[in-house]
Each structure stands twice: as C-alpha cells, then as structure tokens.
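Enquirer: Sequence below, structure please.
(one chain, ligands or ions: 1)
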Amino acid sequence: MSRKSSDNDYTLRSMSNLMGERRKKVSDDGERSLIKAPSNASISSLGPAAATSTTSAGDLERAARKQFQQDVTPAFVYVLAVFSALGGFLFGYDTGVVSGAMLLLKREMNLSALWQEVLVSSTVGAAALSALAGGFLNGLFGRRVCILLASFIFSVGGIVLSTAPNKEVLLVGRIIVGLGLGIASMTVPVYIAESSPPHLRGQLVTVNTLFITGGQFIASLVDGAFSYLRHDGWRCMLGLSVVPAALQFVGFLFLPESPRWLIQKGLTQKARRVLSQIRGNQNIDEEYDSIKSSIEEEEKDCGGGGPVIWRMLTYPPARRALIVGCGLQMFQQLSGINTVMYYSATILQMSGVRDDKLAIWLASVTAFTNFLFTLVGVWLVERVGRRKLTLGSIIGTGLSLTLLAIGFLLSAQHTPPVTLHPTDPAAPNSTCTQYGSCEPCMLDPTCGFCYRENSTSVFDSSCVPVNQAFTGEAAWGRCSNTTQMRAGTYWAYNYCPTSYSWIVLLGLILYLAFFAPGMGPMPWTVNSEIYPLWARSTGNACSAGVNWTFNVLVSLTFLHVAQFLTYYGAFFLYSSLALLGFLFIFGCLPETKSRRLEEIEALFENQLCSCGASDSDEGRQIEYIRVKGSNYHLSDNDASDVE
Ligand SMILES: O[C@H]1[C@H](O)[C@@H](O)[C@H](O)[C@@H](O)[C@H]1O
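Expert: Numbers count the residues shown, from 1 in each chain. Presented below is the predicted three-dimensional model:
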C-alpha cells in the first residue's frame, strides 16, 4: 500500500472513530451533532486534498476537534499540570523570598553590600547556566527525570540554606537553588505543553507562570511574617521551599514521561500507554500518528549531523523560532519587571508609607497584584490568543513605564532642598553632607535624606550617610535611631518626599495590570510551543538562558543606570525598550493558539513575519499547515503526495 493511501485510510479511520464516539456522545444534543459531526465526517470522507481546499472547512474541523476534546478532557491533565507547576512556584518563591531574608541576614551575618549582591545574583547566574545545560539533559533523559532532578536539587538547596553556619555555605546553597531553578524553568513549560491537548495548552502552560507569581506572593507574606523574628528568621524563610520541592518530587515518582519524548526515543508502546492515560477515553490514534509522522518528517528534513544548536541555526524555520523565543524572553526582562517588583516597596514608601515593616507588607500587595493579573492572562490566552495578548500587554507596559518616568521626573523637578549641613564627627568631608537637594542625595547609595514635614512643606532637611547595616536609619544624627526620632521627623532612603507620588503609584499599578497577563507569561508559553520536537529542549534551554541572563543584567545595572540617568531616565529607557519590544513582537510573533504542536513549525516556514498577514494569507497558511500535518505538500493550487 502506498504511503498516501495508507495515510488516507488512517486519517479516515481515525476521524470516523473520533466522530463515532462523538456522535454517541452528542446524540441527545441535536444542535451540537448537526454542527460538528457532519463537518468532520464530510471533511475526512473527501480526503486531504478536499479538506485543504477551503479555510472554513479547516476552521470547522478545528472547532469540532476542540469541542470534542473539551467534552472529554480528563482530570489527569490538570493534576499533571499542577504538579509540574510546583516548579514554577519554587521559581517564584526562591527568587522572591531572598529580599526579605537579606534584610535579616545582613544584620545577623554582617554582610557587606558586595556579599549581599553576590548572594542575590549567584542564584540567577547559576540558573542561566543550568537552563542551558537543561536542554542537553532534557533531550537525553527526558522531561520527567529533569523535573525530578530539579525538585531534588531544590530540596538539597533549601536544606543547605536553612542550616548554613556562615556566608560561604549560604553562597553554596544559593548556587544549588539556582541550578534547580534553571532546569525547572526550561523543563516545566515544555512538559506541560507536550502533555496538554491543543485547546488547553496555552492555559495550562500559563498556569505555570501563575504559580511563579503565586510563589512570589507567598514569599512576600513569609518575608513579612518572619521579619519579626530577631534571630534565624531567614532560616525559616529560605528553608520553607523544601516543602513544595519534596511534594513535587514525590508526585513525579508517579507521573508519566512526556509522550512526545517517548515517541522520539522510539519507546512507542510506552508512549501509547501514556497518551491513553493522559487523554482518558479519547481515541489517541490520530494524535499518536500525527506526532510520529511529524518526527519522521523532521528526521528527513533536518536530519543533518552536528549539535542541535548548529542544526537549529542552519535550518531557517528553527532559527526563526529561536529568534522569536529568545527575543520575547529578552524583552520580558528589558521591560523591567524585576526592577519594578524590587523597587515597589520604595515606591510605596515614597507615596507616604513611612514604616519599614509596613512597606514590607505592602510589597506583598504588589506581588498579589502581579499574581491576580496573571490569572487574567490564564483566562485570556485561549480566548484572544498569544499574539494579541502579548501585543496589548507590551503597549500597556510601555505606557505605564512612561507614566512612572513622568512621576519620577516631576518629583525630581520639585525635589526639596537640603537646608541643614551638619558635620559628621568621624568624617568631616563626607560627600553626603555636601549635596544641595534631595535628588542627588537619594541617587547616592551611601546617603539618605533626613527631614521634618508638616502638611504643606518639608523643612529642616539634611543629607547624611546611611547606616550600612540597616538602611532604615542614618549612620548618625537625628535620624540614626528611628525609635527615638521626634514626631514629624522622617528618614528617606532611596527616595525623596514628593507630592507627585500618586503618579508613580498609579504607574506601578497600571504596569502590573498590563505586564502580568501578557508579557509575564507569554514568553514562557510561546517558547514551549514554537520549536519542532527535535529542537524543543535546546530552544527552550537557550531562551530560558536568555531570560535569566537579562534578569541578572537588568537587576545588577539598575542602580548604576539610575545613578547615571536618574530614576526617570531609567524608566524612560525601559519604556523605549518596551517600544522596541512591541515592534519586534508585531513583526515576528505568529499566532499559535489551538494548533497542534506538530503544526506550528509551518508558521515559521516561509517568513519571519507572519503578522500583518491578510485574511487570505492566513487562509493559505492554514491550508499549508493542514497539508503539512497530513504529509502532503501544496503545489500551486493542487495537493500532491510527498512520496
Ligand atoms: O514570567 C515571570 C514573571 O513575570 C515574574 O514575575 C518575573 O519575576 C520573572 O522574571 C518572569 O520570568
């Protein structure tokens, strides 16, 4: 039997199986069977060439398939997604908890500014490296083993951190946690995407980012709660991550490997078993066959030798996908999310929350807002699609960054003058005491602004050195002991009192509302689906590596950028980068919603920019995808067999 007719028979058989079950299921629902059953049946009975002849037939089939899958999606897929997303939770928890832990650690272990920076960035740096290594491990050992490995590493890291006797061991613990983070961040989205049915894939992968922001929110609550413990509060903060890590480890002992990886490795019987388990009562023949044939085709198309990254760079569709994936991750970080989150406590203080402890609690309001709006993303991703969601998000993000910058600019223009110039008994030539207004004083990390305030003005103000061990107080003078400070006297470190703080606060809220549903989750979601199977682990490893690298770059440079360009300059810079990001996304990101993973490669087949395509272009694209999915190629207006 020729390849064409066997494929044909197979498609017909599987489609009519599918529709047989479907008809049984909806026979008591006349309207639904009228819409769905005939369209599918007629499409399959006409054969692939006819099926590709109209866009509406394709759409109908897609809609029918979606409806059918929705009816029978088993709960197991959700269990699998939630256990995997614990990796996202640990990502959020471990990156979020460190700021609160550091406040306590620097006092207890007498950490210098350099050590604090090293402890925070070592995790992110280690994550960047291990994300890259994760690509290789994923290809070799599979997704499940990598998730098990990551949760094991997280548990070890948590134990080392919570029992660390000194800063050197703390550093080892932070690096161990980073290694787990890198592997988890690139594996979990891939595993969820490969196991989910197409109509739920975007939503379930986005749940992983929901868990990241959830982890950051819980971390902020834990930070707030344990900040009252004078001793060893940080041990509890850092050690608590062992609980979700152990839970995920145990869960994954029972969860299956990704069916796509199994098929790729030739473990076909096992793959069939896993696919049936994940799809419940659905007929898996069609899906299994489509994955298998696309792997065979990929091997033919891209079977050239050499390392995967080399094959990706020399095979145009994979190269384009890689550019889109890495670009999205880069622009996510360049939009300044981690700076805004990190800086949010200060923004809130600037808006009138003077108590340090209260500011820590209010930082959890920011983290909660990020979480809440990621939930909106989970809701929207399958409704409006990845492309529109990401574009809308980056426009809003850019505008909010501009508003933040305007708020900072107005504050800088109306910055209060320094009216008192006390002399430091220990260092009479301290630079702090020489500044003429609050703005340059605030931009110098060694100084803070001490002032008195009534309802209308700031007076009796001075710029004095900060207490390096506890930035909540000055090193000497009126503001050096917050508990004994006179009523109406305040200490501002990192910010200046201003009546424009409401603009900054509004900018912060709008920023999170726009960033969290789109630019937060979509880079992870899109990356999990745009690469062909042979390039998926390497593609995700590279893009996750780019995310972590830009994360550490943006966080490490923020204070220097702010010193050099001032705060408003820094935020104007981020908003221009968001504008660049918009152009990139507008030009390069195709819509992947509802397509099978095996169909998506075709979106990168002809051009980098599939956006701005007219309806007829999209129609042609759908035809092309369908044809590719059925092992046929279009020649002019006709369909001809591959072999
Ligand atoms: O998608 C996530 C999320 O937006 C987090 O809030 C952020 O801290 C991460 O850097 C990012 O990758």
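
Enquirer: most distant residue from the middle of the protein?
Expert: Relative to the mean C-alpha coordinate of the chain, counting by CA atoms, centre = their mean, the farthest residue is Pro425 (49.6 Å).

Enquirer: any idea how far it lies from Thr433?
Expert: 11 Å (CB to CB, to the nearest Å). For glycine as for every other residue, the C-beta is placed from the backbone atoms N, C-alpha and C.

Enquirer: so does the strand or helix carrying Leu375 get close to the ligand?
Expert: When secondary structure is defined by DSSP states H and E, Leu375 falls within helix 356-384. Yes: for helix 356-384, a contact with the ligand is found by CB under 6 Å from any ligand atom, at Asn370.

Enquirer: what mean pLDDT does that helix have?
Expert: In this model, helix 356-384 has an average pLDDT of 89.

Enquirer: Help me confirm that the residue farthest from the centre of the chain is found in a helix?
Expert: No: judged by DSSP: H, G, I helix; E, B strand; the rest coil, Pro425 forms no part of a helix; its state is coil.

Enquirer: The residue lying closest to it once chain neighbours are set aside - how many residues pack around it?
Expert: In space, not counting the residues next to it along the chain, Pro425 is nearest to Trp476; the distance is 7.3 Å by CB to CB, 6 or more residues apart in numbering. For Trp476, the neighbour count with other CB atoms under 10 Å is 17.

Enquirer: Run through the neighbouring helices and strands of the helix or strand containing Leu238.
Expert: Leu238 is located in helix 233-239, with elements delineated by DSSP H and E. Using 3 or more CB pairs under 8 Å, 6 or more residues apart in numbering; DSSP states H and E as the contact criterion, the elements in contact with helix 233-239 are helix 75-108, helix 143-163, helix 198-226.

Enquirer: And it, how far out from the chain middle?
Expert: How far helix 233-239 lies from its chain's middle: 25 Å, per CA atoms, centre = their mean, to the nearest Å.

Enquirer: If we look just around the ligand, which residues of the protein are in range?
Expert: 209, 212-213, 216, 332, 337-338, 370, 520-521, 524, 547, 551.

Enquirer: in the stretch 301-450 of the chain, which ranges drop under the pLDDT threshold?
Expert: In the predicted model of the stretch 301-450 of the chain, residues 301-304, 351-352, 354-356 satisfy pLDDT under 70.

Enquirer: hey, where'd the strands end up in it?
Expert: Assigned by DSSP state E, counting those that start in this stretch, the strands in the stretch 301-450 of the chain fall at 447-453.

Enquirer: need the helices for it, in chain order.
Expert: In chain order, the stretch 301-450 of the chain shows helices spanning 308-314, 316-334, 337-350, 356-384, 386-413, 438-443, with DSSP state H, counting those that start in this stretch as the criterion.

Enquirer: Quick one: closest of those to Tyr574.
Expert: Of all the helices of the stretch 301-450 of the chain, helix 386-413 sits nearest to Tyr574, with 4.9 Å by CB to CB.

Enquirer: Name the residue of the chain that lies nearest to the ligand.
Expert: Proximity of the chain to the ligand (CB to the nearest ligand atom) peaks at Gly520, 3.3 Å away.

Enquirer: I'd guess that residue is in a helix, am I close?
Expert: No: read with three-state DSSP, Gly520 is coil and lies in no helix.

Enquirer: Neighbours of it, how many?
Expert: Close neighbours of Gly520, defined as other CB under 10 Å, add up to 27.

Enquirer: Go ahead and confirm it touches Ile337.
Expert: Yes: at 6.8 Å, Gly520 counts as touching Ile337 under the criterion of CB atoms under 8 Å.

Enquirer: where does Phe459 land in three-state SS?
Expert: Using three-state DSSP, the structure places Phe459 in strand.

Enquirer: can you pull up the bridge partners for it?
Expert: Here Phe459 sits in beta bridges with Arg452, as judged by DSSP bridges.

Enquirer: So it is in contact with Thr419, correct?
Expert: Yes: in this structure Phe459 lies within contact range of Thr419 using CB under 8 Å: 6.5 Å.

Enquirer: from what I can see, Ser462 looks like it's in a helix, true?
Expert: No: when classified by three-state DSSP, Ser462 is found to be strand rather than part of a helix.

Enquirer: Please list all residues in contact with it.
Expert: For Ser462, the residues meeting the contact criterion (CB atoms under 8 Å, 6 or more residues apart in numbering) are Val418, Thr419, Leu420, His421, Pro422, Thr433, Phe449, Cys450, Tyr451, Gly477, Arg478.

Enquirer: Tyr490: helix or strand, and which one exactly?
Expert: Per DSSP H and E, Tyr490 falls inside strand 489-492.
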